[in-house]
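Engineer: This is a predicted model, with the sequence first.
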Amino acid sequence: MTSNHVGPIIFGDPTACGQLLEEGEVYTFRTSDRTTGDTWARATRTGEKLVDVTVELIASFDDPDAGSLRDEWARHSGFRTADRWWDAIEDIHGPPEIGYVYRVETRGIERDDVAETLFENRIESRTYRLALDDERTFEVTAVGSEYEPADIHGTGNFQQNIEFSELPEVAVDDDRHPTVQGEIQTVETDDGWGTPVLHAAVQHVEDDELVQWEYPVLGTVATIQEVDE
């Protein structure tokens, strides 16, 4: 189904959302037919826009099961295997009676300047102003980095650790507590840098004890500008 008025596509599952933002594409399973074409993605129905995307229908099924999902789709679903992907589908939808597989690809994104700026200055503590695709801005200071070069499979990762100048607003449960820490994750491939994704660092606390750190996505970084001290 195509339309000139395409509503946003929602990615409530963090695995699929991460696949889209970090790799630039994701195969997603839905239980209803939806319009295709150019639109945008967000993590919740009322959340901020994450990134502009193009939605393409790949296949539809009656009485789908794990065998309906091709391996090449599963590799780009975020779940890596058809069985894991199907388990996640059933967790969300139950056993579906009908299914649609869509390919969702980010569009209009050229982020090499963002990743290159961070990478070239990764051993220095510099302050930057980041603008996200949803037009929010954050002032952050680089405080260290981690880098894994692209391996024989053609994929690596660059993580820039940062501190926010102000506590970021993060939509989390009451037992999650945002901090001024965060990170920018960028996938590296043989073709260059992927889309830089800004994450907050949140503490999950129960009974006054730290359970774990969590890193919810704030959005994709559109531009970067160094701040003169």
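Structural biologist: Nice, thanks for sending it over. Numbers count the residues shown, from 1 in each chain.
Engineer: Check which helices and strands the least confident helix or strand in the chain by mean pLDDT sits against.
Structural biologist: Least confident element among the helices and strands of the chain, by mean pLDDT, DSSP states H and E: strand 192-193 (a mean of 82). Here strand 192-193 touches helix 112-120, going by 3 or more C-beta pairs under 8 Å, 6 or more residues apart in numbering; DSSP states H and E. Backbone N, C-alpha and C define where each C-beta goes, glycine included.
Engineer: The following helix or strand past the helix it packs on pairs with which strands?
Structural biologist: Heading C-terminal from helix 112-120, the first helix or strand you meet, by DSSP states H and E, is strand 127-132. Applying DSSP bridges, strand 127-132 is found paired with strand 137-148 (antiparallel), strand 217-226 (antiparallel).
Engineer: Please point out which parts of strand 127-132 sit buried.
Structural biologist: Buried residues in strand 127-132, counting neighbours by 16 or more other C-beta atoms under 10 Å, are found at 127-128, 130-132.
Engineer: If we only consider those, which is nearest to A222?
Structural biologist: A131 (5.1 Å; C-beta to C-beta).
Engineer: All the strands of this structure, residue numbers only.
Structural biologist: In the chain, the segments counted as strands under DSSP state E are 9-10, 25-30, 37-42, 49-62, 98-106, 127-132, 137-148, 155-164, 176-189, 192-193, 197-206, 209-214, 217-226.
Engineer: Could you list the low-confidence segments of this structure?
Structural biologist: 1-6, 108-112, 153, 229 (pLDDT under 70).
Engineer: domain ranges for it?
Structural biologist: Per the record, the chain has its domains at 9-106, 112-226, by automatic domain parsing.
Engineer: State the phi and psi torsions of the closest residue to A88 other than its chain neighbours.
Structural biologist: Leaving aside its sequence neighbours, A88 sits nearest to F79 (C-beta to C-beta, 6 or more residues apart in numbering; 5.9 Å). Backbone geometry at F79, expressed as degrees, to the nearest 10, gives phi -100, psi -10.
Engineer: what's the burial count for F79?
Structural biologist: Applying other C-beta atoms under 10 Å, we find 21 residues neighbouring F79.
Engineer: and it, how far is that from T39?
Structural biologist: F79 sits 23 Å away from T39 when distances are taken as C-beta to C-beta, to the nearest Å.
Engineer: One more: T106?
Structural biologist: Per C-beta to C-beta, T106 is found 11 Å from T39.
Engineer: shared neighbours of the two, anything?
Structural biologist: 52-53 (C-beta atoms under 8 Å, 6 or more residues apart in numbering).
Engineer: So these two - more neighbours on which side?
Structural biologist: Neighbours were counted for T106 and for T39 using other C-beta under 10 Å; T106 has more, 23 against 20.
Engineer: residues touching the nearest residue to G144 once chain neighbours are set aside, list them.
Structural biologist: Once flanking residues are discounted, G144 sits nearest to N161: 4.6 Å by C-beta to C-beta, 6+ apart. For N161, the contacting residues are 142-146, 181-183, by C-beta under 8 Å, 6+ apart.
Engineer: Switch the strands of the chain over to a markdown table; also include distance to R75.
Structural biologist: What follows is these, written out as a markdown table (distance: least, C-beta to C-beta, whole Å):
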| stretch | distance to R75 |
| --- | --- |
| strand 9-10 | 20 |
| strand 25-30 | 8 |
| strand 37-42 | 20 |
| strand 49-62 | 14 |
| strand 98-106 | 12 |
| strand 127-132 | 28 |
| strand 137-148 | 19 |
| strand 155-164 | 12 |
| strand 176-189 | 14 |
| strand 192-193 | 20 |
| strand 197-206 | 20 |
| strand 209-214 | 26 |
| strand 217-226 | 21 |
